[in-house]
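1. Make a model of this:
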Amino acid sequence: MAEEEKAVNSLVRPGFIVSALLLVALIVGLAFLLFTRENAREVGGDKPVEVSSTRQESGGQAQSGLVEDAGLPESDSVCGLVAHDQVVPSQALPSVPIDVGDRIQVPHVDGYGPGVTEGVSHCFAHTPSGAILASANFVTWFSSKERLDEVVPTLMATGPNRDRLESQIKSQWQGETGSPVMIHGFKYEDRGPDNAMVVLAVSPVASPDKMMGFPVVLVWQGGDWKVEAPSTDSWGERIIDSLPLEGFVEWGA
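-> The predicted structure is shown next:
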C-alpha cells in the first residue's frame, strides 16, 4: 500500500504534471482524486462544481433538443455551419458517435458539428450546443493522446499556455496513446456570445462509476470553438457522485 501511495503522489507532483503535458488531469488526476477522496471530504471536498445552468440572453427558455430558426443568420464558422438557436439544452443532445482518427469516436449532430472530420475533427456551430460538442470532441482526443501534436494546435486557443503545451509535446511526446475517457454528462455556463464553460462528467472506461467533473473553458476564435489551456498545472477537476444531484445533464449517446 505504501508503494502504491508513493506512486500516486509522484504522479501528481507539479513537475511531473507539467512534463506530462497536463494529461494527468484526465488520466492520473482522476485516480489521485479517488485515492484522496476521504481526506477531501474532511475539508469540504465534496462540494459540487459551482457552475450555473444558464442560457444565452438572445435565446428563449432553455429546452431539450435543438431548434431551427425561421431566418438563419450568415455563418461565421470556418466550415460554414450556421449559428442556429442560442438555447442551452436541458436534456441530452441528439448526438450520434462517428469514427475519427484511428480508433476513437466523437459525438456528432448534423448542423452543429464537427463539420470537419478528416484529420483531427473540428468546426462547431457558434451556439451553446456547438460549444458542448466542441468540449466533448476535445476531451476525447486529448485524453486518448492520439495525434497529440495536431490536437493542441487544432483544438486549442492561441496563447502562451498553448505555446507551452506545444513545446512540451515536441520535446517529450513519443507517440504513445491510451483509451479516451467516457463522457456521462455536462453542465453549461454562459459567459457571453463568444465564451463559455462546459463541465463534463467523465470517467475511465474501466471504471464508469468513478466520475470526475472536468471544466473546459472555450472561446470563439478563428471561426470555431477553441479550448483555452489552463494557466496552472490543474484543470480544476473534482470528484462527482451524482449527475442529477449536482446539476449535470445526462449525455445520452
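2. CA only for contacts and neighbour counts going forward, please
-> OK.
3. low pLDDT regions in the stretch 51-200 of the chain?
-> The stretch 51-200 of the chain contains residues with pLDDT under 70 at 51-73.
4. change it to 90
-> Scanning the stretch 51-200 of the chain for pLDDT under 90 picks out 51-76, 84-86, 101-103, 164-169, 190-192.
5. so where do the strands sit in it?
-> Secondary structure of the stretch 51-200 of the chain (DSSP state E, counting those that start in this stretch): strands located at 96-100, 104-108, 182-190, 195-203.
6. quick one: buried residues of the second one?
-> So that's strand 104-108. Across strand 104-108, burial judged by 16 or more other Cα atoms under 10 Å covers 105-108.
7. can you check stretch 124-133 too?
-> Those would be 124-133, for stretch 124-133 by 16+ other Cα under 10 Å.
8. Out of those residues, list just those in helices.
-> Using DSSP state H, the subset of those located in helices is 128-133.
9. Could you single out the nearest of these to A229?
-> A131 (15.6 Å; Cα to Cα).
10. before we move on, back to that, which pair in the ones in helices among the buried residues of stretch 124-133 spans the largest distance?
-> P128 and L133 (8.7 Å).
11. hang on, the earlier thing: turn the ones in helices among the buried residues of stretch 124-133 into JSON lines, columns for distance to G223.
-> Output for those, formatted as JSON lines (distance: Cα to Cα, whole Å):
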{"residue": "P128", "distance to G223": "15"}
{"residue": "S129", "distance to G223": "15"}
{"residue": "G130", "distance to G223": "12"}
{"residue": "A131", "distance to G223": "12"}
{"residue": "I132", "distance to G223": "16"}
{"residue": "L133", "distance to G223": "15"}
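12. And these, which is closest to S77?
-> G130 (10.7 Å).
13. That closest one against H122, yeah?
-> No: between G130 and H122 there is no contact under Cα atoms under 8 Å: 10.5 Å.
14. okay, and the common contacts of those two?
-> G113 (Cα atoms under 8 Å, 6 or more residues apart in numbering).
15. H126 and W220 touch, don't they?
-> Yes: assessed by Cα under 8 Å, H126 is found in contact with W220 at 7.5 Å.
16. Now for this protein: which strand has the highest residue count?
-> strand 211-221 (DSSP state E).
17. and that one, what's its mean pLDDT?
-> On average, the pLDDT along strand 211-221 is 97.
18. mean confidence score for the helix or strand following it?
-> Once the chain leaves strand 211-221, the next helix or strand it forms, by DSSP states H and E, is strand 224-227. Averaging pLDDT along strand 224-227 yields 98.
19. Might one say that D76 is in contact with G223?
-> Yes: look at D76 against G223 with Cα under 8 Å: they come within range, at 5.8 Å.
20. now the helices: where do they sit in this structure?
-> Secondary structure of the chain (DSSP H): helices at 2-11, 14-19, 28-35, 37-42, 128-144, 148-155, 160-172.
21. Centre of the chain to the longest one, how far?
-> Relative to the centre of its chain, helix 128-144 is centred 5 Å away, using Cα atoms, centre = their mean, to the nearest Å.
22. Since that was my last question, I'll sign off now.
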